[in-house]
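In: following is a predicted model, sequence given first.
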Amino acid sequence: MPANLVVAQSGGPTAVINSSVCGIVAEAIQRGKIGGIYGAINGILGVLSEELVDLRQEDPDVLWNLRRTPSAALGSCRYKLGEREYARIIEVLAAHDVGYFLYAGGNDSMDTAHKVAKLAIEKRLDLRVIGVPKTVDNDLMVTDHCPGYGSVARFNAITARDASLDTEAIYTSDTVKIIETMGRDTGWITASTALATGDGLGPHLIYLPERPFVSDRFLNDVKSVYDNVGRVVVAVCEGLKDENGDFVKASQKGLDTDKFGHAQLGGVGDYLVGLVSEKLKIKARCDKPGTIQRVSMQCASAADLEEAYVVGHVAMSKAAEGESDKMVTLVRKRNDPYESETGLVDLEKVALRTKKVPDDYINEKGNFVSQEYLDYARPLIGEALPIYARLKKDRIKKLLPKFA
(Lines give C-alpha, C1' and ligand atoms only; values in the text may rest on other atoms or scores of the structure.)
Protein backbone atom coordinates (compact mmCIF):
# COMPACT_ATOMS: atom_id res chain seq x y z
CA MET A 1 0.00 0.00 0.00
CA PRO A 2 1.49 3.39 -1.01
CA ALA A 3 2.66 5.61 1.85
CA ASN A 4 0.91 8.90 2.50
CA LEU A 5 2.29 12.43 2.30
CA VAL A 6 1.94 15.30 4.77
CA VAL A 7 2.90 18.82 3.72
CA ALA A 8 2.95 21.74 6.15
CA GLN A 9 3.84 25.45 6.15
CA SER A 10 5.54 27.34 8.97
CA GLY A 11 6.70 30.80 9.96
CA GLY A 12 5.75 34.07 8.31
CA PRO A 13 3.58 33.73 5.20
CA THR A 14 5.08 34.89 1.89
CA ALA A 15 3.94 35.73 -1.61
CA VAL A 16 5.26 32.41 -2.95
CA ILE A 17 5.09 29.68 -0.28
CA ASN A 18 1.80 28.40 -1.74
CA SER A 19 3.59 27.96 -5.05
CA SER A 20 5.90 25.50 -3.26
CA VAL A 21 2.87 23.58 -1.95
CA CYS A 22 1.50 23.50 -5.50
CA GLY A 23 4.81 22.04 -6.72
CA ILE A 24 4.76 19.38 -4.00
CA VAL A 25 1.18 18.31 -4.69
CA ALA A 26 1.62 18.35 -8.47
CA GLU A 27 4.66 16.09 -8.26
CA ALA A 28 2.93 13.77 -5.78
CA ILE A 29 -0.08 13.37 -8.08
CA GLN A 30 2.07 12.92 -11.17
CA ARG A 31 4.14 10.14 -9.58
CA GLY A 32 1.04 8.09 -8.91
CA LYS A 33 2.70 6.00 -6.21
CA ILE A 34 1.82 8.32 -3.33
CA GLY A 35 -1.21 7.36 -1.23
CA GLY A 36 -3.03 10.14 0.59
CA ILE A 37 -1.88 13.72 0.06
CA TYR A 38 -2.56 15.52 3.31
CA GLY A 39 -2.06 19.10 4.45
CA ALA A 40 -1.41 19.94 8.10
CA ILE A 41 -3.44 22.90 9.34
CA ASN A 42 -1.21 25.57 10.93
CA GLY A 43 2.09 23.84 10.39
CA ILE A 44 3.51 21.44 12.94
CA LEU A 45 0.61 22.32 15.25
CA GLY A 46 -1.69 20.60 12.76
CA VAL A 47 0.35 17.42 12.98
CA LEU A 48 0.49 17.63 16.75
CA SER A 49 -3.29 18.04 17.05
CA GLU A 50 -4.01 15.65 14.15
CA GLU A 51 -5.65 18.42 12.12
CA LEU A 52 -5.03 17.02 8.65
CA VAL A 53 -6.96 17.73 5.45
CA ASP A 54 -7.24 15.63 2.29
CA LEU A 55 -5.78 17.66 -0.56
CA ARG A 56 -6.90 15.08 -3.13
CA GLN A 57 -10.45 16.26 -2.46
CA GLU A 58 -9.63 19.81 -3.53
CA ASP A 59 -10.60 21.12 -6.95
CA PRO A 60 -7.55 20.67 -9.25
CA ASP A 61 -7.97 24.24 -10.52
CA VAL A 62 -7.86 25.55 -6.95
CA LEU A 63 -4.67 23.61 -6.25
CA TRP A 64 -3.09 24.93 -9.45
CA ASN A 65 -4.09 28.50 -8.61
CA LEU A 66 -2.00 28.24 -5.44
CA ARG A 67 0.90 29.14 -7.73
CA ARG A 68 -0.27 32.75 -7.68
CA THR A 69 -1.97 32.94 -4.28
CA PRO A 70 -0.16 34.78 -1.45
CA SER A 71 0.04 33.96 2.26
CA ALA A 72 -0.12 30.36 3.58
CA ALA A 73 -3.17 28.47 2.34
CA LEU A 74 -2.79 25.68 4.91
CA GLY A 75 -2.18 28.10 7.77
CA SER A 76 1.09 28.60 9.60
CA CYS A 77 2.54 28.79 13.09
CA ARG A 78 5.58 29.63 15.18
CA TYR A 79 5.84 26.81 17.67
CA LYS A 80 8.77 25.18 19.43
CA LEU A 81 8.15 21.51 20.15
CA GLY A 82 9.10 19.87 23.42
CA GLU A 83 10.49 16.34 23.72
CA ARG A 84 7.10 14.77 24.48
CA GLU A 85 5.55 16.64 21.55
CA TYR A 86 8.14 15.27 19.13
CA ALA A 87 7.14 11.79 20.25
CA ARG A 88 3.52 12.71 19.59
CA ILE A 89 4.42 13.91 16.08
CA ILE A 90 5.92 10.51 15.30
CA GLU A 91 2.83 8.77 16.71
CA VAL A 92 0.50 10.84 14.50
CA LEU A 93 2.56 10.30 11.37
CA ALA A 94 2.76 6.55 12.04
CA ALA A 95 -0.98 6.29 12.75
CA HIS A 96 -1.75 7.85 9.36
CA ASP A 97 0.79 5.73 7.47
CA VAL A 98 2.78 8.79 6.50
CA GLY A 99 5.95 7.99 4.60
CA TYR A 100 6.75 11.54 3.46
CA PHE A 101 6.81 14.71 5.54
CA LEU A 102 7.64 17.93 3.70
CA TYR A 103 8.00 21.06 5.81
CA ALA A 104 8.24 24.54 4.26
CA GLY A 105 9.80 27.14 6.50
CA GLY A 106 12.88 28.94 7.76
CA ASN A 107 15.67 28.29 10.27
CA ASP A 108 13.50 27.06 13.15
CA SER A 109 11.36 24.95 10.82
CA MET A 110 14.43 23.24 9.38
CA ASP A 111 15.45 22.37 12.96
CA THR A 112 12.00 20.86 13.56
CA ALA A 113 12.24 18.83 10.35
CA HIS A 114 15.75 17.64 11.28
CA LYS A 115 14.63 16.45 14.71
CA VAL A 116 11.59 14.67 13.25
CA ALA A 117 13.85 12.90 10.75
CA LYS A 118 16.25 11.75 13.49
CA LEU A 119 13.47 10.55 15.77
CA ALA A 120 11.84 8.65 12.92
CA ILE A 121 15.08 6.67 12.50
CA GLU A 122 15.24 5.97 16.23
CA LYS A 123 11.63 4.76 16.21
CA ARG A 124 12.21 2.71 13.04
CA LEU A 125 9.51 4.62 11.20
CA ASP A 126 9.94 4.51 7.43
CA LEU A 127 9.64 8.27 6.95
CA ARG A 128 11.30 10.62 4.45
CA VAL A 129 11.65 14.20 5.70
CA ILE A 130 12.57 17.06 3.35
CA GLY A 131 12.81 20.76 4.18
CA VAL A 132 11.44 23.23 1.65
CA PRO A 133 13.22 26.61 1.98
CA LYS A 134 10.93 29.55 2.70
CA THR A 135 11.84 32.85 4.26
CA VAL A 136 11.67 36.45 3.16
CA ASP A 137 14.59 37.04 5.54
CA ASN A 138 16.84 35.19 3.06
CA ASP A 139 18.94 33.91 5.96
CA LEU A 140 19.07 30.13 5.37
CA MET A 141 22.59 28.78 5.07
CA VAL A 142 24.03 27.08 1.96
CA THR A 143 21.25 28.04 -0.47
CA ASP A 144 22.12 31.00 -2.71
CA HIS A 145 18.82 32.62 -1.78
CA CYS A 146 15.41 31.69 -0.39
CA PRO A 147 12.03 31.58 -2.12
CA GLY A 148 10.12 34.61 -0.88
CA TYR A 149 13.10 36.95 -0.91
CA GLY A 150 12.86 38.03 -4.55
CA SER A 151 9.26 39.15 -4.04
CA VAL A 152 9.81 41.04 -0.78
CA ALA A 153 12.86 42.65 -2.40
CA ARG A 154 10.78 43.75 -5.37
CA PHE A 155 8.11 45.15 -3.03
CA ASN A 156 10.63 47.17 -1.05
CA ALA A 157 12.46 48.42 -4.12
CA ILE A 158 9.21 49.76 -5.58
CA THR A 159 8.12 51.11 -2.18
CA ALA A 160 11.42 52.91 -1.70
CA ARG A 161 11.25 54.47 -5.18
CA ASP A 162 7.71 55.68 -4.59
CA ALA A 163 8.59 57.04 -1.14
CA SER A 164 11.59 58.81 -2.66
CA LEU A 165 9.41 60.48 -5.28
CA ASP A 166 6.97 61.52 -2.56
CA THR A 167 9.79 63.07 -0.55
CA GLU A 168 11.27 64.74 -3.63
CA ALA A 169 7.91 66.37 -4.34
CA ILE A 170 7.27 67.73 -0.85
CA TYR A 171 10.74 67.99 0.67
CA THR A 172 10.03 71.63 1.55
CA SER A 173 7.61 70.27 4.15
CA ASP A 174 8.49 66.61 4.75
CA THR A 175 12.25 66.66 4.52
CA VAL A 176 13.44 63.34 5.96
CA LYS A 177 11.69 60.02 5.27
CA ILE A 178 12.57 56.93 7.33
CA ILE A 179 11.45 53.60 5.80
CA GLU A 180 11.39 50.77 8.34
CA THR A 181 11.51 47.28 6.84
CA MET A 182 11.21 43.82 8.38
CA GLY A 183 14.27 41.82 9.45
CA ARG A 184 15.15 40.38 12.86
CA ASP A 185 18.81 39.40 12.74
CA THR A 186 19.80 40.19 9.17
CA GLY A 187 19.45 43.11 6.81
CA TRP A 188 18.69 41.27 3.56
CA ILE A 189 15.22 42.83 3.26
CA THR A 190 16.40 46.35 4.06
CA ALA A 191 19.28 46.04 1.60
CA SER A 192 16.80 45.47 -1.22
CA THR A 193 15.62 49.08 -1.05
CA ALA A 194 18.92 49.96 -2.77
CA LEU A 195 17.51 48.47 -5.97
CA ALA A 196 15.35 51.60 -6.14
CA THR A 197 18.26 54.01 -6.58
CA GLY A 198 18.89 55.82 -9.83
CA ASP A 199 17.82 59.14 -11.40
CA GLY A 200 18.75 60.83 -8.14
CA LEU A 201 16.19 58.87 -6.14
CA GLY A 202 16.80 57.39 -2.72
CA PRO A 203 17.21 55.78 -0.42
CA HIS A 204 20.30 57.85 0.25
CA LEU A 205 21.21 55.90 3.40
CA ILE A 206 20.68 52.24 4.39
CA TYR A 207 21.38 50.73 7.81
CA LEU A 208 21.59 46.98 8.45
CA PRO A 209 21.91 45.05 11.74
CA GLU A 210 25.15 43.51 10.46
CA ARG A 211 26.83 46.77 11.46
CA PRO A 212 26.42 48.36 14.94
CA PHE A 213 24.11 51.36 14.85
CA VAL A 214 25.71 54.52 16.29
CA SER A 215 23.34 57.45 16.76
CA ASP A 216 25.91 60.21 16.30
CA ARG A 217 27.21 58.64 13.10
CA PHE A 218 23.64 58.30 11.80
CA LEU A 219 22.90 61.96 12.54
CA ASN A 220 26.09 63.05 10.79
CA ASP A 221 25.13 60.98 7.74
CA VAL A 222 21.65 62.49 7.61
CA LYS A 223 23.00 66.03 8.00
CA SER A 224 25.54 65.46 5.22
CA VAL A 225 22.92 64.24 2.74
CA TYR A 226 20.54 67.02 3.76
CA ASP A 227 23.21 69.68 3.19
CA ASN A 228 24.02 68.26 -0.27
CA VAL A 229 20.62 67.15 -1.56
CA GLY A 230 18.10 69.09 0.51
CA ARG A 231 16.12 65.96 1.44
CA VAL A 232 16.94 62.53 2.86
CA VAL A 233 15.39 59.08 2.41
CA VAL A 234 16.67 56.46 4.84
CA ALA A 235 15.96 52.70 4.92
CA VAL A 236 16.44 50.97 8.27
CA CYS A 237 15.95 47.44 9.52
CA GLU A 238 13.62 46.83 12.46
CA GLY A 239 16.35 44.61 13.92
CA LEU A 240 19.01 47.35 14.17
CA LYS A 241 21.38 46.72 17.07
CA ASP A 242 23.59 49.11 18.99
CA GLU A 243 27.27 48.73 19.84
CA ASN A 244 26.37 46.45 22.76
CA GLY A 245 24.45 44.09 20.51
CA ASP A 246 21.06 45.14 21.92
CA PHE A 247 18.09 45.93 19.71
CA VAL A 248 17.69 49.66 19.23
CA LYS A 249 13.95 49.12 19.68
CA ALA A 250 12.08 45.95 20.76
CA SER A 251 9.24 44.91 23.03
CA GLN A 252 9.89 43.50 26.48
CA LYS A 253 9.32 39.81 27.18
CA GLY A 254 5.71 38.83 27.62
CA LEU A 255 2.80 38.55 25.22
CA ASP A 256 4.90 39.99 22.39
CA THR A 257 7.52 37.22 22.66
CA ASP A 258 7.02 34.06 20.58
CA LYS A 259 7.66 30.43 21.56
CA PHE A 260 11.27 30.71 20.39
CA GLY A 261 11.96 33.67 22.69
CA HIS A 262 11.95 36.23 19.87
CA ALA A 263 10.82 39.67 21.03
CA GLN A 264 8.38 41.58 18.83
CA LEU A 265 10.37 44.12 16.83
CA GLY A 266 9.23 47.43 15.43
CA GLY A 267 9.33 51.10 16.29
CA VAL A 268 12.90 51.85 15.27
CA GLY A 269 11.65 54.12 12.47
CA ASP A 270 9.63 56.28 14.85
CA TYR A 271 12.58 56.35 17.25
CA LEU A 272 14.87 57.69 14.52
CA VAL A 273 12.28 60.25 13.46
CA GLY A 274 12.37 61.58 17.00
CA LEU A 275 16.15 61.60 16.98
CA VAL A 276 16.34 63.61 13.74
CA SER A 277 13.69 66.06 14.90
CA GLU A 278 15.27 66.60 18.31
CA LYS A 279 18.96 66.69 17.39
CA LEU A 280 18.94 68.15 13.86
CA LYS A 281 15.74 70.21 14.08
CA ILE A 282 14.63 68.79 10.71
CA LYS A 283 11.13 67.50 10.12
CA ALA A 284 11.04 63.74 9.63
CA ARG A 285 8.38 61.10 9.00
CA CYS A 286 8.29 57.30 9.06
CA ASP A 287 6.80 54.84 6.59
CA LYS A 288 6.42 51.25 7.78
CA PRO A 289 4.97 48.76 5.26
CA GLY A 290 4.64 46.08 7.98
CA THR A 291 3.73 42.49 7.20
CA ILE A 292 2.13 43.36 3.85
CA GLN A 293 5.62 43.48 2.36
CA ARG A 294 6.10 39.73 2.75
CA VAL A 295 2.83 38.66 1.09
CA SER A 296 2.17 41.26 -1.61
CA MET A 297 1.19 39.38 -4.78
CA GLN A 298 0.99 42.72 -6.58
CA CYS A 299 4.79 42.93 -6.37
CA ALA A 300 5.59 39.22 -6.61
CA SER A 301 8.68 38.36 -8.65
CA ALA A 302 8.03 36.00 -11.56
CA ALA A 303 11.43 34.40 -10.98
CA ASP A 304 10.59 33.92 -7.30
CA LEU A 305 7.22 32.29 -8.04
CA GLU A 306 8.84 29.87 -10.46
CA GLU A 307 11.67 28.91 -8.11
CA ALA A 308 9.24 28.39 -5.24
CA TYR A 309 7.29 25.95 -7.39
CA VAL A 310 10.46 24.16 -8.45
CA VAL A 311 11.80 23.63 -4.91
CA GLY A 312 8.44 22.10 -3.92
CA HIS A 313 8.46 19.86 -6.97
CA VAL A 314 12.05 18.76 -6.31
CA ALA A 315 11.41 18.21 -2.59
CA MET A 316 8.66 15.71 -3.37
CA SER A 317 10.74 14.09 -6.07
CA LYS A 318 13.76 13.62 -3.80
CA ALA A 319 11.61 12.27 -0.97
CA ALA A 320 10.06 9.73 -3.34
CA GLU A 321 13.56 8.70 -4.42
CA GLY A 322 14.44 7.92 -0.79
CA GLU A 323 16.23 11.09 0.32
CA SER A 324 15.58 12.27 3.89
CA ASP A 325 16.84 14.75 6.47
CA LYS A 326 17.70 17.15 3.63
CA MET A 327 16.69 20.62 2.45
CA VAL A 328 16.37 21.66 -1.16
CA THR A 329 18.73 24.51 -2.11
CA LEU A 330 18.94 26.97 -4.97
CA VAL A 331 22.26 27.17 -6.78
CA ARG A 332 22.97 30.16 -9.00
CA LYS A 333 24.45 29.24 -12.38
CA ARG A 334 24.66 32.69 -13.98
CA ASN A 335 23.37 36.24 -13.64
CA ASP A 336 22.92 37.34 -17.25
CA PRO A 337 20.66 35.79 -18.27
CA TYR A 338 19.73 34.66 -14.78
CA GLU A 339 19.58 30.89 -14.26
CA SER A 340 19.51 28.66 -11.21
CA GLU A 341 19.35 24.95 -10.43
CA THR A 342 18.50 22.95 -7.31
CA GLY A 343 20.69 21.04 -4.89
CA LEU A 344 20.38 19.23 -1.56
CA VAL A 345 21.97 19.91 1.81
CA ASP A 346 21.81 18.09 5.15
CA LEU A 347 19.24 19.74 7.40
CA GLU A 348 21.81 19.72 10.18
CA LYS A 349 23.85 22.28 8.24
CA VAL A 350 20.89 24.65 8.01
CA ALA A 351 18.90 24.21 11.23
CA LEU A 352 19.09 27.17 13.65
CA ARG A 353 21.89 28.80 11.65
CA THR A 354 21.69 32.29 10.20
CA LYS A 355 23.25 33.64 7.01
CA LYS A 356 24.15 37.28 7.52
CA VAL A 357 24.57 39.85 4.79
CA PRO A 358 28.27 39.41 3.82
CA ASP A 359 30.62 42.20 4.75
CA ASP A 360 31.50 42.86 1.10
CA TYR A 361 27.82 43.54 0.39
CA ILE A 362 27.97 46.60 2.70
CA ASN A 363 29.86 49.80 1.94
CA GLU A 364 32.85 50.89 4.01
CA LYS A 365 30.90 53.52 5.96
CA GLY A 366 28.19 51.03 6.87
CA ASN A 367 25.44 53.30 5.58
CA PHE A 368 24.66 51.69 2.20
CA VAL A 369 25.17 48.50 0.20
CA SER A 370 27.87 47.71 -2.34
CA GLN A 371 27.73 46.95 -6.05
CA GLU A 372 28.31 43.29 -5.20
CA TYR A 373 24.97 43.20 -3.40
CA LEU A 374 23.16 44.90 -6.27
CA ASP A 375 24.59 42.35 -8.71
CA TYR A 376 23.43 39.55 -6.39
CA ALA A 377 19.90 40.81 -5.79
CA ARG A 378 18.83 42.39 -9.07
CA PRO A 379 18.11 39.11 -10.95
CA LEU A 380 15.91 37.85 -8.09
CA ILE A 381 13.24 40.55 -8.43
CA GLY A 382 12.27 39.51 -11.95
CA GLU A 383 11.45 42.02 -14.64
CA ALA A 384 12.79 45.56 -14.51
CA LEU A 385 11.12 48.00 -12.15
CA PRO A 386 8.47 50.32 -13.63
CA ILE A 387 9.84 53.26 -15.59
CA TYR A 388 8.81 56.63 -14.19
CA ALA A 389 8.76 59.94 -16.06
CA ARG A 390 11.34 62.51 -14.92
CA LEU A 391 10.87 66.16 -15.91
CA LYS A 392 13.95 68.17 -16.90
CA LYS A 393 12.59 71.22 -15.04
CA ASP A 394 14.42 73.87 -17.08
CA ARG A 395 14.08 77.10 -15.11
CA ILE A 396 12.71 80.27 -16.74
CA LYS A 397 14.71 83.42 -16.22
CA LYS A 398 13.55 85.47 -13.21
CA LEU A 399 12.30 88.98 -13.98
CA LEU A 400 11.65 90.39 -10.51
CA PRO A 401 13.80 91.08 -7.45
CA LYS A 402 14.04 88.23 -4.94
CA PHE A 403 10.90 87.96 -2.84
CA ALA A 404 11.59 88.95 0.76
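Out: Arrived safely. All figures in this text were calculated on a predicted structure; none of them were measured in a lab.

In: so where do the helices sit in the stretch 151-300 of the chain?
Out: Under the criterion DSSP state H, counting those that start in this stretch, helices of the stretch 151-300 of the chain are mapped to 188-191, 215-229, 268-280, 292-295.

In: single out the most deeply packed of the ones you listed.
Out: When you average the neighbours per residue for each of those (mean count of other Cβ atoms under 10 Å), helix 188-191 leads with a mean of 29. Using the backbone N, CA and C atoms, a C-beta is placed for each residue, glycine as well.

In: can you lay out the helices of the stretch 151-300 of the chain as CSV showing distance to Gly245?
Out: Listed next are the helices of the stretch 151-300 of the chain as CSV, based on distance: least, Cβ to Cβ, whole Å:
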stretch, distance to Gly245
helix 188-191, 18
helix 215-229, 15
helix 268-280, 15
helix 292-295, 26
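
In: go through these and name the closest to Ala169.
Out: Closest to Ala169 of the helices of the stretch 151-300 of the chain is helix 215-229 (Cβ to Cβ; 14.0 Å).

In: what's next to that closest one, contact-wise?
Out: Residues external to helix 215-229 that are found in contact with it (Cβ atoms under 8 Å, 6 or more residues apart in numbering): 175-176, 204-205, 207, 232, 234, 272, 275-276, 279-280, 282, 365-367.

In: run the last query once more with 7 Å
Out: Residues lying outside helix 215-229 but in contact with it, judged by Cβ atoms under 7 Å, 6 or more residues apart in numbering, are Val176, His204, Leu205, Tyr207, Val232, Val234, Leu275, Val276, Lys279, Leu280, Ile282, Asn367.

In: show the average pLDDT along stretch 46-58.
Out: With pLDDT averaged residue by residue, stretch 46-58 scores 98.

In: can you tell which of the helices of the stretch 151-300 of the chain is closest to Met327?
Out: helix 188-191 (18.0 Å).

In: need phi/psi at Leu208.
Out: phi -120, psi 150 (degrees, to the nearest 10).

In: swap in the one 4 residues further on?
Out: Pro212 adopts backbone torsions of phi -60, psi 140, taken as degrees, to the nearest 10.

In: now it: how far from Lys241?
Out: Using Cβ to Cβ, to the nearest Å, one gets 6 Å for the distance from Pro212 to Lys241.

In: ok so, going back, export the contacts of helix 215-229 as JSON lines, with columns for distance to Cys146 and pLDDT.
Out: Formatted as JSON lines, the entries for those read as follows, by distance: Cβ to Cβ, whole Å; pLDDT from 0 to 100:
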{"residue": "Val176", "distance to Cys146": "32", "pLDDT": "98"}
{"residue": "His204", "distance to Cys146": "28", "pLDDT": "97"}
{"residue": "Leu205", "distance to Cys146": "26", "pLDDT": "98"}
{"residue": "Tyr207", "distance to Cys146": "22", "pLDDT": "98"}
{"residue": "Val232", "distance to Cys146": "31", "pLDDT": "97"}
{"residue": "Val234", "distance to Cys146": "26", "pLDDT": "98"}
{"residue": "Leu275", "distance to Cys146": "33", "pLDDT": "97"}
{"residue": "Val276", "distance to Cys146": "33", "pLDDT": "98"}
{"residue": "Lys279", "distance to Cys146": "38", "pLDDT": "98"}
{"residue": "Leu280", "distance to Cys146": "37", "pLDDT": "98"}
{"residue": "Ile282", "distance to Cys146": "37", "pLDDT": "97"}
{"residue": "Asn367", "distance to Cys146": "26", "pLDDT": "98"}
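
In: which one of those residues is nearest Phe247?
Out: If you rank these by distance to Phe247 using Cβ to Cβ, Tyr207 comes first, at 13.2 Å.

In: hey, what's the closest one bridged with?
Out: Val236 (DSSP bridges).

In: count of neighbours near Val248?
Out: Taking other Cβ atoms under 10 Å as the criterion, the count of residues near Val248 is 21.

In: check contacts around it.
Out: Counting by Cβ under 7 Å, 6+ apart, Val248 makes contact with Phe213, Leu240, Lys241, Asp242, Val268, Tyr271.

In: which of these sit farthest apart?
Out: With Cβ to Cβ as the measure, no two of those lie farther apart than Lys241 and Tyr271, at 13.1 Å.

In: hang on, isn't Ala160 packed against Ala196?
Out: Yes: applying Cβ atoms under 7 Å, one finds Ala160 in contact with Ala196, separated by 3.9 Å.

In: mutual contacts of those two, please.
Out: In contact with both Ala160 and Ala196: Pro203, using Cβ under 7 Å, 6+ apart.

In: neighbour count winner among those two?
Out: Neighbour tally, Ala160 and Ala196, criterion other Cβ under 10 Å: the higher count belongs to Ala160, 28 against 24.

In: for that one, give me the pLDDT.
Out: Per-residue confidence (pLDDT) for Ala160: 97.

In: what's the separation between it and Tyr361?
Out: Counting by Cβ to Cβ, the gap from Ala160 to Tyr361 is 17 Å.

In: same check, this time on Ile178
Out: When Cβ to Cβ is applied, the distance between Ile178 and Tyr361 equals 22 Å.

In: have a look at those two and say which one is more surrounded.
Out: A side-by-side neighbour count of Ile178 and Tyr361, using other Cβ under 10 Å, places Ile178 first with 27 against 22.

In: thanks a lot, catch you later.
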